[in-house]
Structures are given as structure tokens and as C-alpha cells.
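*Asks:* Okay, here's the prediction I keep looking at, along with the sequence it came from:
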Amino acid sequence: MQKEVFQRLIAIILMCIPGGISVYGWTLMRDILFSTAAGESFPIFTFVLGLILFLLGLAIVGGFIFYRDKKRNKIQPKLLKKTDEYKKEKHAFLDKV
């Protein structure tokens, strides 16, 4: 019981890191747009850095959720690759036997 709680706590902490990276990228982009609306110049490199950070954090969190749901068989068949469908059918056949 204690081990499960500890594992969940570590998982939450690990998911906060890419979430924080994504939030920081969003904040960079937001601040640049607001400062541009106030009349300052548009720093394109900083905006692109914020966009990359935002997309990177989003991809890591989304990939983690997709992997977890795939492991629990909660993914629609159209999102699975052909090899994954084959493995799923093979295991379903073996379970019936």
C-alpha cells in the first residue's frame, strides 16, 4: 500500500516538470504578445522558444497519457498501429483458448 502511494507521488511530481515547462512557454508567448500590443518590437526568437517549450511540454504530457491509456486498453482501435491491433487480436484469441 505504501509503495503504491509513493509511486503515484513520484508520477505526479514527474508530470509537473513538463507541465511547468509548458506553462513557462505559454507565459513567454503571452508576455511577448502583450508587449507587442503595447508598442514594443516583436522578438521572434523568444516567441519561437516559448512556442517550442509549450509544444514540448504538451507532447510529453499527451504522450504519457496516451501510453497509460494504451496500456489499460482504453484507446480506440483507429488510433492503434497495425502491429498493435495484431497483438491485441492475438492476445484476445489466446485468452479464449
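*Replies:* Cool, got the structure. Numbering: from 1, shown residues only.

*Asks:* all helices for this structure, in order.
*Replies:* Chain-ordered helices for the chain, with DSSP state H as the definition, fall at 2-37, 44-71, 82-96.

*Asks:* Least reliable of those by average pLDDT, please.
*Replies:* Lowest mean pLDDT within those: helix 82-96, a mean of 60.

*Asks:* In TSV: the helices of the chain, plus mean neighbour count.
*Replies:* Where C-beta positions appear, they are placed from N, C-alpha and C, glycine not excepted. Rendered in TSV, the data for the helices of the chain read as follows (neighbours: other Cβ atoms under 10 Å):
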stretch	mean neighbour count
helix 2-37	13
helix 44-71	14
helix 82-96	10
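
*Asks:* how much space between the closest residue in space to residue 21 that isn't next to it in sequence and residue 19?
*Replies:* In space, and not counting its chain neighbours, residue 21 is closest to residue 57: 4.1 Å by Cβ to Cβ, 6 or more residues apart in numbering. With distances taken as Cβ to Cβ, to the nearest Å, residue 57 is found 6 Å from residue 19.

*Asks:* Please apply the same query to residue 74.
*Replies:* Taking Cβ to Cβ as the criterion, residue 74 is separated from residue 19 by 21 Å.

*Asks:* ok, now residue 26?
*Replies:* Computed as Cβ to Cβ, the residue 26 to residue 19 distance reads 11 Å.
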